[in-house]
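# Here is a sequence together with a model predicted from it:
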Amino acid sequence: MKLLCLAFLGIIAFVTIGIGLENYLGVPFAVTYRVACAGACLYIIAQFGSDYPGERWPWIGLLIALLFNLGLFFSPLARLPASKGDILFFGLPDATIMLAARIVSYRVTDDHQRAVRQQMIVSLILAMAFSALFLSIMFIPSPSPIDPR
């Protein structure tokens with residue numbers, strides 16, 4: 001219950017700061033929201049580095065995900081209004097990048113590990129397809145409102 005209350009207080013604080021940045025500095029709320037979403041995804045990826053000490057793949061994945069997220073900020077998708085699905089805007093490609101980094105570094109010495117790697121490759125193909133589908137759906141223009149006349 002305490003963690004839930006802290007989460008709600010964090011959300012309230014973030015919205016307050018975002019609205020304050022929009023009102024006083026002119027930074028659109030959508031930009032603030034997307035920076036927070038990208039930061040949350042990159043923080044989760046950085047946690048993999050502490051979960052796998054001594055391995056380089058989490059840090060390589062973090063660097064590639066950071067570059068990809070920065071690229072998304074300069075894409076036409078960044079001009080869309082903010083929505084609840086923006087965490088997927090960064091989360092799906094970042095998860096795909098991390099899975100690819102893990103597959104490349106996964107050592108195979110027996111048949112079981114080969115089967116695990118094959119399953120990860122199939123998962124990567126599905127993650128890439130789902131990520132591409134989600135990002136391409138964002139390019140579809142929203143329907144114009146119906147004229148009540």
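Arrived safely.
# Now do the SS call for Ala129.
Here Ala129 is helix, with the state taken from DSSP: H, G, I helix; E, B strand; the rest coil.
# mind listing what it touches?
Residues near Ala129 by CB atoms under 8 Å, 6 or more residues apart in numbering: none. To be clear about C-beta, it is placed using only N, CA and C from the backbone, and glycine gets the same treatment.
# how close does it sit to Ile64?
19 Å (CB to CB, to the nearest Å).
# and what of Phe29?
28 Å.
# now do Tyr106
16 Å.
# Of those two, which one has the most company?
More neighbours surround Ile64 than the other of Tyr106 and Ile64, with 17 against 14 (other CB atoms under 10 Å).
# show me the contacts for that one.
Ile64 neighbours (CB under 8 Å, 6+ apart): Ile97, Ala101.
# Name the helix or strand for it, please.
helix 57-73 (DSSP states H and E).
# quick one: average pLDDT of whichever helix or strand comes after that helix?
The helix or strand immediately downstream of helix 57-73 is helix 86-105, counting by DSSP H and E. Averaging pLDDT along helix 86-105 gives 89.
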